[in-house]
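Visitor: Provide a 3D model corresponding to the input given below.
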Amino acid sequence: MKGQWTYVAMTVLLASIASFSAFLVLICLVIWINKKYSMKTSILYMTIYILMFTYSSYVQTKNVTIYSKGEYKGYGKIIESPSIDGEKMSFIIEMDGKEKIKSYYTFQKQSELEKAKQWRSGAVCFFEGELIEPKQNTIENGFNYKKNLNSKKIHWIFYVTSIRQCQDQRNIFDQLQLYRETIQQFIESHYPDRSSGFVQALIIGERRNIEEGDYQVYQQLGIVHLLAISGLHVGFMTGFLYWLLLRLGLTKEQVILLLCFMLPIFAMITGAAPSVLRACLMAEIVLLSQLFYKSVIPADCISISFIMLLIINPFYVDHIGFQLSYIISYALIFSQPLLKKCHHLFQTVIMVTLLSQVSSFPIVLYHFYEFSPLSVIVNLLYVPLYVFLLLPFSFITIFLLLMMKPLGKMAVSLHHAVFDFSLQFAEMISDWKISSITVGAISEVSLVFIYIIIFYFMIHIEKSETIHRTVSLLLKLIVVLFLYVIVMKAFQPGEVTFIDVGQGDAIFIREPGFGNSFLIDTGGILTFDKEDWQKKKSPFSIGEDNLIPFLKSKGVATLDGLFLTHGDIDHVGEAITILESVHVKHLFIPKFFIKGDMERSILSAATEKEVNIVEVSGGDQISISPTFLVLSPLGNPGSSNDGSLVLYAKIGGKRWLFTGDLEEEGEFKLLNVYPNLQVDVLKVGHHGSRTSSSEAFLHAIKPTYAIISVGRNNRYNHPHQEVLTRLHTENVIIFRTDEMGSIQYRFRQGNGTFLIYPPYDIAVE
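Guide: Below is the predicted model:
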C-alpha cells in the first residue's frame, strides 16, 4: 500500500461526505485507479468506500438522545470550565446517561457569579432546568447551531435554573483539562486583556477570549490560521524534547516511546482541535516508523492520520479547521518538487504562502463567502512575525514569569507592545476597500469544480521549468477563477427575502444577475439598563451575527438602497451596524423621520459614511430598478407607526406592498388616495397587530399572499387572532417568520416560488 494511502484517504473522505457530488468524484477516482493499477485495486477501493459509508451511517444512527423536551433535574458532570460573559454562563455537562448537553445559566446576583468562577472541570452537581431543542438556521446560509451541536453528539440546550450540591470527582481527563484551565488563568492574570487572548491561542489553542473585533480582522485578512496550534507547534516541541532527552542520556528508543506517550497529553492540553490532532498523529506515525525501522513517505503519513481521525469521528469532515488543516498540508506535501525549485529562503516563503492561499481559497469561500486579495502579502508579513517572534516570545515570557517574575513582567510589556502594533497595522489594512472581496455562497458542486481547476493548473505549474512560466500560469489560474465567479454571479436568481430577525422587520430585495440590492429595515433588539457585572463583552447583534453574514452569502458588499420605514428600534436598531459594515449608496427615510436620539445617530453615521440621504413622502417615485412608488407618509402623521414609509413595487412578476408598522388610520388615508390599489403580496403591518390590516383594507387591496414578520413567543402576542381571521376570510395564504423562519420569493424572468428557511422542502407556487 506504500504510496497509495492517499487514494484510500480520498475514498474514506468521499464515503464520509456521502453526497451525490462525492459519488461522482468516486466514480472518476475508481476509473483513474483502474487505468493506473488494475481491476482488483478498483474493487478494493469500492469495498473501502462501502465499508466506510456503512460505518459512518452506523455512527449517525447511534448519535441519538435518551432525553426528551421539558423540565429536567438530575446530577451532571461539568466536562469543561464554564465560560462566563456578563450575567450569562455557558458550559457542557455530561449527564448520568453519559450524554453531553450544552447548558446555560443566568446569574441572579453578583455574589453568585463570583462563586461560579470556582467551578471547574470534574465538578458533579445537581442541576434543574428545562431541555430545549437547538434550532436550525432560520436564515439562508446562516449558522446551523443544531447541526453544529449534533456533530459534537449534543442534542439539547439546557436552560439551568438551579445548581447545587457540587463535588469534585475528577478523572485523568478532567485533570488534564484542569491543567489547561490553570495555564489559561495564569495567562489572563499576567498579560494585558488585548494580548492575553492571543497568547492563550498560541499556547493552549484557546481562541474564545480574543476580542471579537480583532478576530474578525484576522479572519478578513486571511491570517486567522496563525492562531491555530498545528504542525509548527508540535514540530517545535517534539524536536526540542527529542534533542533534550537524548542529551540527558536516554536511548533513542526510550525517547521515542516517551514522546509517543506525551503527544496525546499535549493534544489534550492544547484543546484537541483537528489541526492539533493531525499534527500529533503525524508525529506519532513518524516516530513509530523510526522505532520499527520502517520508512513512511509524507503523503502516506498524512493520509493515515486523515483516515484514523475520520474513523475516530466521522463528523470531523464538516469541521472547518479539519478541512483547512488537511488541504493545506496535502498541498504543501504534493508540491515538494515545486518548492525544490526555489533558490533561496525568500522564494520558498513566497511559494509556501501562495500554495497555502490557493489551496485554501475554495474552502474559505465556501464557509465565509469572501476572500482577501491582500492575503498573500499580509501572510508574507505576519507568518515570519509569528513564527520567529511572537510564538517563541510567548513561550519565553511565560518561562520568565515563572522563573524571574520582574524580568518576566518587562518581557510581557515588550511582548504586548509588539502584539498591539501588529494589531493596529492589521486594522489599518482591513479598513482598505480592497482588503476583502465578497463573492457569496458557492455550492458543493462549485467547490469541487474550483478544486478541479486548481488541480489542473497546479500540475502544469509543477512541470514548468522557469519562474516566468510559473508566474504566467498562476495569473491564468487567478483569471479563470475570477471568470468562474463572475459567471456564477451572472446566473443568480432574483429574490425578496423576509429575514427572520425575531420581533422586527428586515427585508432583502435583489434583482437577478448583476441587478441592484436593497434592504428595507434592519431589525433590532430592545435592550434594558444593566449593572456593569451583567453586561456581556460580546452581546448578540442581529446586524453582526445575522444580517451581515446573510448579505455576504448573497455576494452583497454594496446596497443600492437602505429603506428605514420609521424609527422604532425593531426596524432600525441595526441601521448603524449596516452603514458601518456595508457600502450603502442611498438611505431612504420618510418625512418626519427624526423623533429622537436614535434617528439622529443613524443620520449622523450615514453622513460620516458619505451616504446619500433621501427624504421621501407619499407620491414620490424612486427610479432605481426596480422602481419603488412611495405611498406614505401622507402629510404629518398622527403616530410614529402611521408615519411609516410604505412602498409599492412590481418585482418578479408580482405586486408588492411593504407597509412598515402602518395602522388602521394610516390604511384608511392610503385607500382614500389610492382607491384602486391592488397587490399580490402584502407585508402585514405592525407584525400582525390588532390595530393593523383592517377588514376594509384587506378587502380593497385583495392580496393573494400575506407575510407576517414576527418573533417567536413575543410579549405582544403578535399576530393577533383577529388579524389571522381577517386574512383567512379573504382567502389569503399566510407566511409567518415565527413558524417558518425566513420567507423567500425566488424568481427569474417574472416567474417565482416562495420558499421557507429552515428548508423543509416546502414550496408554494
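Visitor: Wait, residue 110 touches residue 533, no?
Guide: Yes - with contact defined as Cβ atoms under 8 Å, residue 110 reaches residue 533; the gap is 4.8 Å. Bear in mind the C-beta positions are built from the backbone N, C-alpha and C, glycine included.
Visitor: For stretch 557-571, buried residues please.
Guide: Counting neighbours by 16 or more other Cβ atoms under 10 Å, one finds that the buried residues in stretch 557-571 are 557, 559-571.
Visitor: Same question for stretch 186-198.
Guide: 186, 187, 190, 191, 195, 196, 197, 198.
Visitor: Return the subset of the residues you listed lying in strands.
Guide: Using DSSP state E, no member of these falls within strands.
Visitor: Between all of the residues you listed, which two are at the greatest distance?
Guide: 186 and 198 (15.0 Å; Cβ to Cβ).
Visitor: List the pairing partners of the helix or strand containing residue 518 within its sheet, with orientation.
Guide: If you go by DSSP states H and E, residue 518 is part of strand 517-520. Paired neighbours of strand 517-520 in the sheet (DSSP bridges): strand 507-510 (antiparallel), strand 561-563 (parallel).
Visitor: now what about the shortest one, what contacts it?
Guide: In other words, strand 561-563. With contacts defined as Cβ atoms under 8 Å, 6 or more residues apart in numbering, strand 561-563 is touched by 516, 518-522, 575, 578-579, 584-588, 611, 622, 624, 628, 645, 647, 658.
Visitor: Apply 10 Å and report the result again.
Guide: 507, 509, 516-522, 571-572, 575, 578-579, 582, 584-590, 602, 606, 611-612, 614, 616, 622, 624, 628, 630, 645, 647, 658, 660 (Cβ atoms under 10 Å, 6 or more residues apart in numbering).
Visitor: Now the buried members of those.
Guide: Neighbour counting by 16+ other Cβ under 10 Å classes 507, 509, 516-522, 571-572, 575, 578-579, 582, 584, 586-590, 602, 606, 611, 616, 622, 628, 630, 645, 647, 658, 660 among the contacts of strand 561-563 as buried.
Visitor: what does the domain assignment say about this structure?
Guide: Domain assignment for the chain by automatic domain parsing gives 5-62, 70-170, 226-334, 494-531+539-764.
Visitor: Switch those domains over to a markdown table; also include distance to residue 423 and mean pLDDT.
Guide: Shown next, in a markdown table, are the domains of the chain (distance: least, Cβ to Cβ, whole Å; pLDDT from 0 to 100):
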| stretch | distance to residue 423 | mean pLDDT |
| --- | --- | --- |
| domain 5-62 | 37 | 82 |
| domain 70-170 | 21 | 87 |
| domain 226-334 | 12 | 88 |
| domain 494-531+539-764 | 19 | 91 |
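Visitor: give me every residue that touches the residue nearest to residue 613 when sequence neighbours are not counted.
Guide: Nearest non-adjacent residue to residue 613, counting by Cβ to Cβ, 6 or more residues apart in numbering: residue 587, 4.9 Å away. By Cβ under 10 Å, 6+ apart, residue 587 lies in contact with 559, 561-564, 575, 578-579, 602-603, 605-607, 609, 611-615.
Visitor: What residues of the helix or strand where residue 456 lies count as buried?
Guide: Applying DSSP H and E as the criterion places residue 456 in helix 444-463. Residues 446, 448, 449, 450, 451, 454, 457, 458, 461, 462 are the ones in helix 444-463 that count as buried (16+ other Cβ under 10 Å).
Visitor: other SSEs contacting the lengthiest strand in the chain?
Guide: Using DSSP E, we find that the single longest strand of the chain is strand 154-168. Judged by 3 or more Cβ pairs under 10 Å, 6 or more residues apart in numbering; DSSP states H and E, the packing partners of strand 154-168 are strand 70-78, strand 88-95, strand 100-106, helix 110-116, strand 123-132, helix 145-150.
Visitor: mind running it again at 7 Å?
Guide: strand 100-106, strand 123-132 (3 or more Cβ pairs under 7 Å, 6 or more residues apart in numbering; DSSP states H and E).
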